[in-house]
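Engineer: Next come a sequence and a model predicted from it.
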Amino acid sequence: KQEVTQIPAALSVPEGENLVLNCSFTDSAIYNLQWFRQDPGKGLTSLLLIQSSQREQTSGRLNASLDKSSGRSTLYIAASQPGDSATYLCAVQGSQGNLIFGKGTKLSVKP
Amino acid sequence: GAVVSQHPSWVICKSGTSVKIECRSLDFQATTMFWYRQFPKQSLMLMATSNEGSKATYEQGVEKDKFLINHASLTLSTLTVTSAHPEDSSFYICSARPSTGSSYEQYFGPGTRLTVT
């Protein structure tokens, strides 16, 4: 059974810092991996999607990497801003299309 | 494009009553929709996969007679929580997969906060 773990559970940094969020999964037979952002009481916003054949994806200040063989992904956020404060969710997708989520990392960026 | 709405955004109901939550794809057709549940400080857990015109597929441990899913059209799926109890209080989120396009595409609704008193 696929399990997704995110470390740390919470992170507080001062504005301007670069930071890394970690995600690990137990079954490397994934279709893709996605990083989402969730604001309190809100739905999900897809940030980056990495296909199983890819190593990384970039969007603006965000960079996500995938090492399928070791079951790991990282989300790198450069020059963090208070507006980046949210919970970041990692999810892997199997061939059936369903997503399996981690518990998330709650990020707080202090001005 | 690719907007998914949910209604209501929040609902409070009394124990023993039933609550219906709607999930709509506003600008695309969705053959498949997914229903997730999120308890505080927990990850989103898939409850069921809803396919238009056929019975939903429920994940292990989810009672199909308690969580009724109807996907009657290509733009609407409903989740009815029957005989709700306080332990059903949670954040329910749906997602919709476009009928055309890749199988990995899913667009999420804003969620529905259910509180059972």
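Structural biologist: Noted; the coordinates are in hand.

Engineer: residue contacts, the residue positioned nearest the centre of chain B?
Structural biologist: By CA atoms, centre = their mean, chain B has its centre lying nearest to B:Trp35, at 3.6 Å. With contact set as CB atoms under 8 Å, 6 or more residues apart in numbering or on different chains, B:Trp35 has these partners: B:23, B:46-50, B:67, B:69, B:77, B:79, B:92-94. No exception for glycine: its C-beta is placed from N, CA and C like everyone else's.

Engineer: how does it look with 6 Å?
Structural biologist: Taking CB atoms under 6 Å, 6 or more residues apart in numbering or on different chains as the contact definition, B:Trp35 lies against B:47-48, B:79, B:94.

Engineer: and A:Pro82, what are its phi and psi?
Structural biologist: Dihedral pair for A:Pro82: phi -50, psi -30, per degrees, to the nearest 10.

Engineer: So which bits of chain B are right by chain A?
Structural biologist: Applying CB under 6 Å from any CB of the partner chain, we find that chain B lies next to chain A at B:43-44, B:46, B:93, B:103-104, B:108-111.

Engineer: In strands only, show me those residues.
Structural biologist: B:46, B:93, B:108 (DSSP state E).

Engineer: closest to A:Gly83 among the residues you listed?
Structural biologist: Ranked by distance to A:Gly83 (CB to CB), these are led by B:Phe108 at 20.0 Å.

Engineer: these two touch, right, that closest one and A:Lys42?
Structural biologist: No - using CB atoms under 6 Å as the test, B:Phe108 is too far from A:Lys42 to be in contact (9.6 Å).

Engineer: follow-up on the earlier one: can you lay out the contacts of B:Trp35 as JSON lines showing pLDDT and neighbour count?
Structural biologist: Formatted as JSON lines, the contacts of B:Trp35 follow (pLDDT from 0 to 100; neighbours: other CB atoms under 10 Å in any protein chain shown):
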{"residue": "B:Met47", "pLDDT": "95", "neighbour count": "24"}
{"residue": "B:Ala48", "pLDDT": "94", "neighbour count": "23"}
{"residue": "B:Leu79", "pLDDT": "97", "neighbour count": "26"}
{"residue": "B:Cys94", "pLDDT": "95", "neighbour count": "31"}
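
Engineer: Go through those residues and name the one nearest chain A.
Structural biologist: B:Cys94 (8.9 Å; CB to the nearest CB).

Engineer: is any part of stretch A:60-71 close to chain B?
Structural biologist: No - counting by CB under 6 Å from any CB, no contacts exist between stretch A:60-71 and chain B, the nearest distance being 13.9 Å.

Engineer: next one: that stretch to chain centre, how far?
Structural biologist: 8 Å (CA atoms, centre = their mean, to the nearest Å).
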